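Participant: Got a sequence here, can you build the structure:
(chains A, B, C and D)
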Protein chains: 2
Amino acid sequence: MNDRKQHVVKMAHQLFIDKGFQSTSIQDILEYSGISKGTFYNYFSSKSELLTAIFKMTDSELEKIRNDLLIGQDPADIEIFIKQVEMQLKTNRKNKIITLFEEVMISKDDELKRTIEERKIQNIRWIYHRLTDIFGIDKRQYLLDCAIMFMGMLRENIKFYQLAYESDANISQVVRYTVNRLVHMVNEIVQSEERLIPVQALERWLPDCNRHVRSFRKKLLHQLFIVKNILHQQNNQQLNYGDLLDFIEEELLDAKNPRKFLIDSVLQTLQTVEDKKVQVELQELSILVQEYFDQIDAK
Amino acid sequence: MNDRKQHVVKMAHQLFIDKGFQSTSIQDILEYSGISKGTFYNYFSSKSELLTAIFKMTDSELEKIRNDLLIGQDPADIEIFIKQVEMQLKTNRKNKIITLFEEVMISKDDELKRTIEERKIQNIRWIYHRLTDIFGIDKRQYLLDCAIMFMGMLRENIKFYQLAYESDANISQVVRYTVNRLVHMVNEIVQSEERLIPVQALERWLPDCNRHVRSFRKKLLHQLFIVKNILHQQNNQQLNYGDLLDFIEEELLDAKNPRKFLIDSVLQTLQTVEDKKVQVELQELSILVQEYFDQIDAK
DNA sequence: TATAAATTTGTACAATCGGTATAATATGAT
DNA sequence: ATCATATTATACCGATTGTACAAATTTATA
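Facilitator: Below is the predicted model:
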């Protein structure tokens, strides 16, 4: 994305946070970010499209934060999950994401609505995935229901807790309370063997068109996570390895035209790590990258 | 409320259901209900005020349905609670209340936002009250938390269940599943003695200005309920007694200028029931009515 | 450097929206 | 019949999103 365009997105986001989506006119955005109307409609076809750009940015931010919290940790440790949820709530509040979500579910733009809906589903999906880490994959039949109800409880608890305590609200207390309920609920549901929504529905909810892209994203992030994790466990002295991996992630997922030669170069540098396990996983990563560029060339 | 005005409210509601609030222009409403712009702004000061009128109508409808389901039943019977919740969901869906809610939380009209917020709190309050009926008043310290979480679970469950089954969605299955979770959760929370939000907050959330009005409404509905209940238990042959009680309710709560002489007359007719208990409760009712008119005269 | 291509600007414009104002007309009660 | 009230039709205001387009500016390329 263009630097200038990026700048407009940032400025608009700030305005949305301050004044809300509906109350911010396009004229406001033009003045605040110092561009003309023509340029705006050159970048975005509408105010809604600008908003989706903002969502994509905050999505990436959130995913990164979440993953970083997992590095070098046991995925089954529920304390890590709690921290992740807290961070999610914090960044969402910083970006006023929830307000923007609700504000948008009204708009006539069906495309935008679909985007929001998909984001919510992705979130449920992430929670479901983490619950399988924590409670064991053998309980997966019940864990989608649990993820859904956890989201509902958490949302409503936060809302009324804030209403009760206003500025003194201590969100982490709410998270802990809700997680405690969740733990008991999982046990109870597993025992009762009651199910509401089949896990298979999760895949059906996500549109086919993006499946390949998402699939690649997921695989890549997973593989990067594995490598980072190994390096972390070894407490590797050369810290810039982490930066190199971050660079690969950014270049592949965010850049418009990822520079293959650069990524190849970085991978080669990483291969100098004298560790069998790391080398094996890096090989996997290289294959993924190769597949990705093959796919681009095919188009 | 004027017949004509009522008609406009109905027509507008239909349009909102079909097209949504934002997408329905005032011009649409004028054409659909066959009035002029001047008349519209004579009836309502804004589109928002029209919406609050709709909410008030559906509120009354819901309250009536709920109460009728309780008549002649044991309040501690959880099956009645389930039926009440199902009916609530049904009428809400019929009136597209939830969609309208969400659509409005965006608007710049703070007064309207406050109205919606209050409605949600009233709903939590009702659930809390019913939970004390079902699980016992001694557990009340924990039942507000339970009511809040129940709402959250139910809402999210319905959303994703509908996403999974679309038109085949069987809401009562969702309600039953969620209530089952609730029952176990109540036991678990009582045992753990964990609390999140103090019950006292419930009263603080509601604005003082309406307290007297709400208080009267509540008392009146309660007293009417008692009388209806006694009559029902006796399986009284004269069915029009129920109609007479309904009339009192409508005249007092919905009419602009309740006709005291009519209500007095109806009360006199009811006093002819030859039953000590009914007569005592009717006396209570008469006192309430008297207090109400005293209050009006004082203004 | 010169020229062509792409981008950006400024502004005018159309259409729609919620809401105000008002003069003319219709309705209804006494 | 009269007079207050309710209703209508219409013009208008300011703000909004979005389009159109010629002129100016920046960028890439030869």
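Participant: of all of chain A, which residue lies closest to DNA strand D?
Facilitator: At 3.4 Å from DNA strand D, A:S25 is the closest residue in chain A, using CB to the nearest atom of the strand. In short, each C-beta sits where N, CA and C put it, glycine included.
Participant: Report the separation between that residue and B:I54.
Facilitator: Look at A:S25 and B:I54: by CB to CB, to the nearest Å, they are 29 Å apart.
Participant: same check, this time on A:P75
Facilitator: 49 Å.
Participant: Which one's more surrounded, those two?
Facilitator: Taking neighbours as other CB atoms under 10 Å in any protein chain shown, A:P75 and B:I54 compare with B:I54 leading, 19 against 13.
Participant: follow-up on the earlier one: just list the residues touching the residue of chain A closest to DNA strand D, thanks.
Facilitator: A:S25 makes contact with no residue, according to CB atoms under 8 Å, 6 or more residues apart in numbering or on different chains.
Participant: what does A:L252 give?
Facilitator: Applying CB under 8 Å, 6+ apart to A:L252 gives the contacts A:L220, A:P258, A:I263, A:V289, A:Y292.
Participant: Buried ones in the helix or strand hosting A:G242, by neighbour count?
Facilitator: A:G242 is part of helix A:240-253 when elements are defined by DSSP states H and E. By 16 or more other CB atoms under 10 Å in any protein chain shown, the buried positions in helix A:240-253 come out as A:Y241, A:G242, A:L244, A:L245, A:I248, A:E249, A:E251, A:L252, A:L253.
Participant: so after it, what's the next helix or strand?
Facilitator: Remark: after helix A:240-253, the chain's next helix or strand is helix A:260-270, criterion DSSP H and E.
Participant: How about the residues of the stretch 151-299 of chain A by chain B?
Facilitator: Counting by CB under 8 Å from any CB of the partner chain, the stretch 151-299 of chain A comes close to chain B at A:151-157, A:160-161, A:163-164, A:173-174, A:177-178, A:180-181, A:184-185, A:188-189, A:192, A:194, A:196-198, A:201, A:204-205.
Participant: Sort out which of the residues you listed are buried, if you could.
Facilitator: Taking 16+ other CB under 10 Å as the criterion, what is buried in those is A:151-157, A:160-161, A:163-164, A:174, A:177-178, A:181, A:184-185, A:188-189, A:196-197, A:205.
Participant: A:I158 reaches A:I171, doesn't it?
Facilitator: Yes - A:I158 lies in contact with A:I171 (CB atoms under 8 Å); the separation is 6.7 Å.
Participant: shared neighbours of those two, which are they?
Facilitator: Counting by CB under 8 Å, 6+ apart, the residues touching both A:I158 and A:I171 are A:L89.
Participant: so what's A:N67 closest to, chain neighbours aside?
Facilitator: A:F225 (5.8 Å; CB to CB, 6 or more residues apart in numbering or on different chains).
Participant: Also A:T132?
Facilitator: A:T132 sits nearest to A:R140 (CB to CB, 6+ apart), 5.3 Å away.
Participant: Could you identify the helix or strand that succeeds the helix or strand in which the one you found is found?
Facilitator: Using DSSP H and E, A:R140 sits in helix A:140-165. From helix A:140-165 onward toward the C-terminus, using DSSP H and E, the following helix or strand is helix A:171-192.
Participant: same question for that following helix, mean pLDDT?
Facilitator: For helix A:171-192, the mean pLDDT works out to 97.
Participant: swap in stretch A:43-63?
Facilitator: 89.
Participant: can you tell me if that stretch touches DNA strand D.
Facilitator: Yes - Stretch A:43-63 is in contact with DNA strand D by CB under 7 Å from any atom of the strand, via A:S45, A:S46, A:K47, A:S48.
Participant: and the gap between the last one and DNA strand C?
Facilitator: Pointing back at A:S48 there. Applying CB to the nearest atom of the strand, to the nearest Å, the value for A:S48 to DNA strand C is 17 Å.
Participant: hang on, isn't that residue packed against A:L112?
Facilitator: Yes - assessed by CB under 8 Å, A:S48 is found in contact with A:L112 at 4.4 Å.
Participant: how far away is the closest residue to DNA strand C within the stretch 1-150 of chain A from A:I26?
Facilitator: Closest to DNA strand C within the stretch 1-150 of chain A is A:G38: 2.3 Å, counting by CB to the nearest atom of the strand. A:G38 sits 12 Å away from A:I26, taking CB to CB as the criterion.
Participant: So which of these two has more stuff around it?
Facilitator: Taking other CB under 10 Å, A:G38 and A:I26 do not tie; A:I26 has more neighbours (15 against 9).
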